[in-house]
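Trainee: 3D model of this:
(one chain, ligands or ions: 2)
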Amino acid sequence: MLRDFDPKSVQVNLSTGSGIVIEWGDGHRSLYSFRFLRDACPCANCVALRAMEDRWPGEPKQLKEGELLPILRPVSKLERVEPVRNYAIRLHWEDGHAEGNYSWEFLRDICPCAECRVQKDSAPGTTRPSFPTTKRIA
Ligand SMILES: [Zn+2]
Ligand SMILES: [Zn+2]
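Mentor: Ligands and ions are numbered 1, 2, ... in the order given. Down below sits the predicted model:
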């Protein structure tokens, strides 16, 4: 039986560059832009960097004086997607970065759709989404 965070289908729009669409076991649909996924990379390095900069997965870097707006900043392109057994996908970026295993559970957790964001925002005692930034995949 599919768990809620197991995908029914995964569609990677490499040629159009529009991102990855996942349909989940419970019928929910998530659309992740490549930029969002790059900023959400769950590898140890990126997790540490985000913790330092107080960002949650998918949140773009804070702008420093003179830096390009995130929308103008070139995003490294996704080269290919490698399945990691049946629990995750590993994303290979054009800049050579390929350390992050994006587990289904992690991806479901960071779903950027309005519905999921509202649920996170309204969770008791939190002012921002409580993403599992320290969760590691063995
Ligand atoms: Zn990373
Ligand atoms: Zn969602």
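Trainee: Please name every helix or strand in contact with the lengthiest helix in the chain.
Mentor: Looking across the chain with DSSP state H, the single longest helix is helix 44-53. Of the remaining helices and strands, none touches helix 44-53 by 3 or more CB pairs under 8 Å, 6 or more residues apart in numbering; DSSP states H and E. To be clear about C-beta, it is placed using only N, CA and C from the backbone, and glycine gets the same treatment.
Trainee: so does it get close to ligand 1?
Mentor: Yes: residues of helix 44-53 contacting ligand 1 under CB under 5 Å from the ion: Cys46.
Trainee: Now that helix - C-alpha only, PDB.
Mentor: What follows is helix 44-53, C-alpha atoms only, in PDB (Å, rounded to 0.1, in the frame of the first residue of the first chain):
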ATOM      1  CA  ALA A  44      25.000  18.000   4.900                       C
ATOM      2  CA  ASN A  45      26.700  21.000   3.400                       C
ATOM      3  CA  CYS A  46      23.600  22.800   2.200                       C
ATOM      4  CA  VAL A  47      21.800  22.000   5.500                       C
ATOM      5  CA  ALA A  48      24.600  23.500   7.500                       C
ATOM      6  CA  LEU A  49      24.700  26.600   5.200                       C
ATOM      7  CA  ARG A  50      21.000  27.100   5.600                       C
ATOM      8  CA  ALA A  51      21.200  26.800   9.300                       C
ATOM      9  CA  MET A  52      23.900  29.400   9.300                       C
ATOM     10  CA  GLU A  53      21.800  31.800   7.200                       C
END
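Trainee: so how far is it from its chain's centroid?
Mentor: Helix 44-53 sits 14 Å away from the centroid of its parent chain (CA atoms, centre = their mean, to the nearest Å).
Trainee: So for the helix or strand following that helix, mean pLDDT?
Mentor: Where DSSP states H and E defines the elements, the next helix or strand beyond helix 44-53 is strand 78-84. The average pLDDT within strand 78-84 is 94.
Trainee: Partner strands of whichever helix or strand comes after strand 78-84, with direction?
Mentor: Counting by DSSP H and E, the next helix or strand C-terminal to strand 78-84 is strand 88-93. Applying DSSP bridges, strand 88-93 is found paired with strand 78-84 (antiparallel), strand 101-103 (antiparallel).
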